[in-house]
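Trainee: I'll drop the sequence and a predicted model, then ask my questions.
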Amino acid sequence: MHSTSASSNVTARTEEGDVLPEEDLATQLEKAESSHQIFVQAKLDLLRDAVQVGKAGSSDDANKAVDSSLQRLAIGRRLQDSAAEIAMRPNDGKTYAGAPIPIPAYSDILEFVDKAKSKWERRIRQELNSMATEMNVPLTRNRNTPGAPPIDESNVRFIYDENDLWEIVLGTGSTNHAHSLTKVHSWNSIKIELKTASIPEFATNLAELSPSLRHVGADDDDTVFVNKKIAAMESIMASGTTSHLRRMARTGVPHAQRRIVWRRILGIDPNDSIENQQIGSLLDDVEANELITDSLFRLDASMTSNDHNYFVFEDILHDVTLVFSRDSWVFKNAVVCSQQQFDQQPLKSKIGGVFPPCGVVPFRGFVLYVTPLCYLCDTLEPLYAIFRRLYCRYWCRLHTVSSKPGCLLQICRQFECLVQERRPDVFFHMLQLDTPPLRVAMPWIVFAFAGTLEAVEVLHLWDRILGYDSLNPIAILAAAIFDFRAKAVLEAKTSEGVQDVFEDLTRVRVVPLMQWFLSREVHSTSFGSLSGTPLSGPAQHGESKLSGAVRGAWQ
């Protein structure tokens, strides 16, 4: 009776926001290993209390003991966390811990996107095999193989970068929309009609980004606000659910709490030793076997660590990527699949199925997904646990050709629509200079602004990505940057001049700029009018705070 009551309000939503059917969720909760552990622990706890109460022989004491045990174990909260974790799994949560995990669907619902995806993967595969042939080494080999020559890293080259992604994105489209047939020339680089939201819709759906609310990343100098935020986070971590934490993350996470909050949101159990055991096993594989992709990850880590912000992290960046490349859990749990499973016998390799085992062929800049996390964790295990969950939930979408919501094509389309809605003059001017806005914003989007902004600002952005469980904040921030620099863009006379406008974004403050973009009038050009109606009370503070913060960028 009590356990039914504790779980009666448990719900879970899929990636698109739909509530999972109650019967389906109940079945999965029964099968889920985490839920099974909760019920076993509850049963043992209740039995122990029953034995103690039995000595006293009071039925009232027994009822109180049951209520006390259920409250102490936080059954309802823990079941809600399990439900949220189920909803985050690939294939609409149809798997459960301990069961064979089916490979996420590879084919795309749109035939022409599916063809573009297959073409893209063949290109990557050919590049990888070509490099292995030139180096005369198998894709994988034992490090202790007698007589094995060392890999000549002079032939090592990146398989692809954001420029190649730009080309594949530009070439993905349906012939039904060709302007030679319709006589209508589209401004968009993304030629696919994908669902997007308008600025007013975002202002409503992302209401927490209103300047009337205080944010970590905008109001950090207000010690009263920061202390209240820390106390609220501690309270929710003690007795709240993952959904509560997500909502709190929408207004930012204090840096001291970010590591533990992100782990909780991403479904990493702090008491689960299995994850550390998996990492230990992967490290053993790094010691025993050499993959041709090791050289690519090493090159990427070395180039990234040339940045003064990250040079001290070169070793841990290298270790994280080598462990990642061998982690088949990534391929099985990524919400979108970047390559299909196939039978292969390349060169002297005996590997079958997927190579590398993680299913991700390294590309230039991949390490950038790891770099901001170095400011959260100083050891491999906790850093890697967060990174692989972030990758499987979010970053895998940003370099996969797919028409699914929240993937690269849709986020790029969303960005273009926002810029056209707010600043069509800027969009048209850049097209006249043969510099489409998406071409400039492509690296920002692909790497979620890592490597473009200061690490602390990237973390503020990623707080909102986790809070809203969406990559739309990336598109909003990219469009806000174009809006803010509109005057300089319109004054540029050449493509090089436009590129110079966006050359250095290290002084951008993420939160004030996003708030300004979503709250000001469409045709307002002054910082004195940031919304359509007069503001009063806390909102006046928001307007004043926002004006000063936005003015400070690029000064």
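Mentor: All right, it came through fine.
Trainee: going forward, measure contacts and count neighbours with C-alpha atoms only.
Mentor: OK.
Trainee: Next, the buried residues of stretch 251-269.
Mentor: Of all the residues in stretch 251-269, those buried under the rule 16 or more other CA atoms under 10 Å are 251-255, 258-268.
Trainee: what's the answer for stretch 149-164, then?
Mentor: Buried residues in stretch 149-164, counted by 16+ other CA under 10 Å: 156-162.
Trainee: Output the residues you listed as TSV; include the columns secondary structure, distance to Val320 and pLDDT.
Mentor: Listed next are these as TSV, based on DSSP: H, G, I helix; E, B strand; the rest coil; distance: CA to CA, whole Å; pLDDT from 0 to 100:
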residue	secondary structure	distance to Val320	pLDDT
Val156	coil	20	82
Arg157	coil	20	85
Phe158	coil	18	89
Ile159	coil	19	90
Tyr160	coil	20	91
Asp161	coil	20	89
Glu162	helix	22	89
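Trainee: Closest one to Gly359 out of those, please.
Mentor: The closest of the buried residues of stretch 149-164 to Gly359 turns out to be Ile159 (CA to CA; 14.1 Å).
Trainee: What does the nearest residue to that closest one once chain neighbours are set aside show for phi and psi?
Mentor: Nearest non-adjacent residue to Ile159, counting by CA to CA, 6 or more residues apart in numbering: Phe363, 5.6 Å away. With angles defined as degrees, to the nearest 10, Phe363 sits at phi -130, psi 160.
Trainee: burial of Phe363, as a residue count?
Mentor: The burial count assigned to Phe363 is 19, neighbours taken as other CA atoms under 10 Å.
Trainee: quick one: contacts for it?
Mentor: Residues in contact with Phe363 (CA atoms under 8 Å, 6 or more residues apart in numbering) are 158-161, 296.
Trainee: any idea which of those residues is the one closest to Thr133?
Mentor: Ile159 (14.0 Å).
Trainee: what separates the closest one from Arg264, distance-wise?
Mentor: Distance of Ile159 to Arg264, given as CA to CA, to the nearest Å: 35 Å.
Trainee: Which pLDDT does the model give the residue lying closest to Leu206 once chain neighbours are set aside?
Mentor: Spatial nearest neighbour of Leu206, excluding adjacent residues (CA to CA, 6+ apart): Tyr468 at 8.0 Å. In this model, Tyr468 is scored at 96, pLDDT.
Trainee: so where's the stretch 451-555 of the chain shaky on pLDDT?
Mentor: 521-555 (pLDDT under 70).
Trainee: show me where it has helices.
Mentor: Ranges of helices within the stretch 451-555 of the chain are 455-468, 472-484, 486-491, 495-501, 510-519, 538-551, based on DSSP state H, counting those that start in this stretch.
Trainee: Ranking those helices by mean neighbour count, which comes first?
Mentor: helix 510-519 (a mean of 25; mean count of other CA atoms under 10 Å).
Trainee: Do me a favour and average the pLDDT over whichever strand or helix holds Arg123.
Mentor: According to DSSP states H and E, Arg123 maps onto helix 111-135. Averaged across helix 111-135, pLDDT comes to 87.
Trainee: Would you mark the buried spots in it?
Mentor: Residues of helix 111-135 classed as buried: 113-114, 116-118, 120-121, 124-125, 127-129, 131-132, 135 (neighbour count, 16+ other CA under 10 Å).
Trainee: Do a quick rundown of the helices in the stretch 51-200 of the chain.
Mentor: Using DSSP H, counting those that start in this stretch, helices in the stretch 51-200 of the chain cover 59-73, 75-87, 90-93, 111-135, 162-170, 179-182, 199-205.
Trainee: Skipping adjacent residues, who's closest to Gln414 in space?
Mentor: That would be Thr196: by CA to CA, 6+ apart, it lies 5.4 Å from Gln414.
Trainee: so how many other residues sit close to that neighbour?
Mentor: 17.
Trainee: Need phi/psi at it.
Mentor: phi -130, psi 170.
Trainee: what's it in contact with, if anything?
Mentor: So Thr196 contacts 410, 413-414, 417 (CA under 8 Å, 6+ apart).
Trainee: try 10 Å
Mentor: Each residue near Thr196 by CA atoms under 10 Å, 6 or more residues apart in numbering is listed here: 405, 410-411, 413-418, 472.
Trainee: do you know how far Asp222 is from Phe297?
Mentor: According to CA to CA, Asp222 and Phe297 sit 41 Å apart.
Trainee: same question but for Val286, I mixed them up
Mentor: Taken as CA to CA, the span from Val286 to Phe297 is 13 Å.
Trainee: higher neighbour count, those two?
Mentor: Counted by other CA under 10 Å, Val286 and Phe297 do not tie: Phe297 has more neighbours, with 26 against 19.
Trainee: what packs against whatever helix or strand the more buried one lives in?
Mentor: Using DSSP H and E, Phe297 falls within helix 293-304. Here helix 293-304 touches helix 314-325, going by 3 or more CA pairs under 10 Å, 6 or more residues apart in numbering; DSSP states H and E.
Trainee: and the next element down the chain from the helix it packs on?
Mentor: Next element after helix 314-325 (DSSP H and E): helix 328-333.
Trainee: taking the mean pLDDT, what do you get for that next one?
Mentor: Across helix 328-333, the average pLDDT comes to 91.
Trainee: Show me what it packs onto, helices and strands only.
Mentor: helix 90-93, helix 380-393.
Trainee: Check what pLDDT the closest residue to Ser495 other than its chain neighbours gets.
Mentor: Spatial nearest neighbour of Ser495, excluding adjacent residues (CA to CA, 6+ apart): Leu433 at 5.5 Å. Listed pLDDT for Leu433 reads 95.
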